[in-house]
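[1] Structure of the sequence below:
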Amino acid sequence: AAVMALASCGKQETARIENAADKAASEAKATAEAAAKAAEAAAKEVEAREIAMEAYVYAYPLVTMEITRRVMTNVEKPEGSKAPMGQFARLRTYPAVDDHSVTAPNADTLYTLAWLDVSQEPWIVSIPDMKDRFFLFPMLDGWTNVFHDPGKRTTGTKAQTYAITGPGWSGTLPAGVTEYKSPTGMVWVLGRIYCTGTPADYKAVHALQDQVSAVPLSAYGKPYTPPAGKVDPSIDMKEPREQVNAMDGASYFRLFAELLKTNPPSAEDAPMVAKLAKIGIVPGQDFDASRLDPAVVKGIDAAPKPAQEKISVYLKEALVTGDAKLENGWLFFKNTGLYGAGYRNRAMITWYGLGANRPQDAVYPTSEGPDLLKKYDGANKYVLRFGKGELPPVNGFWSITMYDKDYFFVPNPLNRYTFSQRDKFKTNADGSIDLYIQKDS
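    The predicted structure is shown next:
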């Protein structure tokens, strides 16, 4: 009996040891599986964040255009730089110092601008005889590409009428109307008419502005009264860039996906469209973050801030990529208005100067300091010197505008925001001209 009892105890002990070993193996397996899952989730999150950052940069112009459109059209009738959809806003003076609708404004032209939706039907835009005056009416698609740029350089200054047609439109246009095809449903006509700023010239340009018109094709040639705008109290009227930059990843891409339905990607965007699908963004479909893997959602949530950094620092990095060149301390951006697959460059131009023209129409030399490493500082005094005969050679106009760090006019006691060819300069003995940039009179 004793022997049998010992044998029985031995079997129980062996069973206990085997059970413990099985449990340890099972726990080790579970730990390894959990670690593998965590590693897989981490890898998914990293991949999603990288793709989402690229997608954020790619989408930035379209999202910024939409928020800008909402702010600038959320009025009952034209007033200042704002007007309802399908109506021209006619600025009667240079932009006010506190007008933050659009970054990097100019004080040389009177803006005459309209937001159009050509996804339903074409719109007819008529421009009067400008009597040899410099003007430019660039037409931007939703991605900020200038798809056409009627103006003194390209089309002359005689009266002209255009039909802006949307993606996939086909039909017959009235005689004497030139078709401009927009690749997107959203169109921004960002007209500028040169003005010297004197009371007499303001009056002359106002008369020209009043003759600029936009009507839907169905109303062309008939009496047409544009419908009153509707004010949506839910629309935030703060500065558009500030609103865009405050959006979380899911909200940003939800709006982006909605915009893609009427503002499709171009054919050369195909590689980017394939990447978008990996984080749940498919042109023509809604974006729903709740359907995505939680790791992908975490990656999307982490994308906006580093993506914004990639956009803003490209102002300097464009020198390395060839999108910009440096001459005499000035950055010249070579690729504006038409961007192709240069998504970072396009986003950076949107950030600093939404609505930039093609370089054949306008160039924007920019200086943030006496050299690339130093910023301008109010504690210092600066001199900008033009040698004899070295004022900018232009067919339209030139000006030098001072902006604050956010690229808006700087309030100052002189109410002077620009130097231009309208100013009378005192020349030095050698024929050069010095411009003083400082806080003290």
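
[2] Distance check, Ala277 against Glu121.
    From Ala277 across to Glu121, the span is 31 Å (Cβ to Cβ, to the nearest Å). For the C-beta atoms, the positions are set from N, CA and C on the backbone; glycine is no exception.

[3] These two: who's more crowded?
    Shown here are Ala277 and Glu121; by other Cβ atoms under 10 Å, Glu121 has more neighbours (15 against 12).

[4] Next up, phi/psi of the more buried one, please.
    phi -160, psi 160 (degrees, to the nearest 10).

[5] Likewise for Pro271?
    For Pro271, the backbone dihedrals (degrees, to the nearest 10) come out as phi -60, psi -40.

[6] neighbours around it, how many?
    Neighbour count for Pro271, taken as other Cβ under 10 Å: 9.

[7] Quick check: it vs Glu54, distance?
    Separation of Pro271 from Glu54 (Cβ to Cβ) stands at 10 Å.

[8] now swap in Val71 and tell me
    Separation of Val71 from Glu54 (Cβ to Cβ): 27 Å.

[9] List phi and psi for the closest residue to Thr321 other than its chain neighbours.
    Excluding its sequence neighbours, the residue lying closest to Thr321 (Cβ to Cβ, 6 or more residues apart in numbering) is Asn345, at 7.6 Å. Asn345 adopts backbone torsions of phi -60, psi -40, taken as degrees, to the nearest 10.

[10] try the one 5 residues further on
    Reported as degrees, to the nearest 10, the phi and psi values for Thr350 are phi -60, psi -40.

[11] element containing the closest residue to it other than its chain neighbours, please.
    Nearest residue to Thr350 in three dimensions, chain neighbours excluded: Pro61, at 4.4 Å (Cβ to Cβ, 6+ apart). Per DSSP states H and E: Pro61 is located in helix 2-73.

[12] What is whichever helix or strand comes after that helix packed up against?
    Remark: after helix 2-73, the chain's next helix or strand is strand 89-90, criterion DSSP H and E. Contact here means 3 or more Cβ pairs under 8 Å, 6 or more residues apart in numbering; DSSP states H and E; on that basis strand 89-90 packs against strand 109-117.

[13] ok, how many other residues are close to Ile311?
    When neighbours are counted by other Cβ under 10 Å, Ile311 registers 24.

[14] repeat for Asp232
    With other Cβ under 10 Å as criterion, Asp232 counts 9.

[15] and it, what element?
    Here Asp232 is covered by no helix or strand, with elements defined by DSSP H and E.

[16] That one contacts Glu76, correct?
    No - here Asp232 does not reach Glu76: they are 11.1 Å apart, not a contact under Cβ atoms under 8 Å.

[17] So which residues of the stretch 251-400 of the chain form helices?
    270-277, 294-301, 304-312, 314-321, 343-353 (DSSP state H, counting those that start in this stretch).

[18] Tell me how far the worst-scoring helix or strand of the chain on mean pLDDT lies from the chain's centre.
    Taking mean pLDDT, DSSP states H and E as the measure, helix 2-73 is the helix or strand of the chain with the lowest mean score, a mean of 82. Distance of helix 2-73 from the chain centroid (Cα atoms, centre = their mean, to the nearest Å) equals 39 Å.

[19] Okay, angle between that helix and helix 343-353 too, please.
    With axes from the mean of the first three to the mean of the last three Cα atoms, to 10 degrees applied, the angle from helix 2-73 to helix 343-353 works out at 50 degrees.

[20] I'd like to know which elements helix 2-73 is packed against.
    Judged by 3+ Cβ pairs under 8 Å, 6+ apart, helix 2-73 is in contact with strand 109-117, strand 186-194, helix 240-246, helix 249-260, helix 270-277, helix 294-301, helix 304-312, helix 343-353.

[21] out of those, which comes closest to Asn428?
    strand 186-194 (28.8 Å; Cβ to Cβ).

[22] Good, we can wrap up now.
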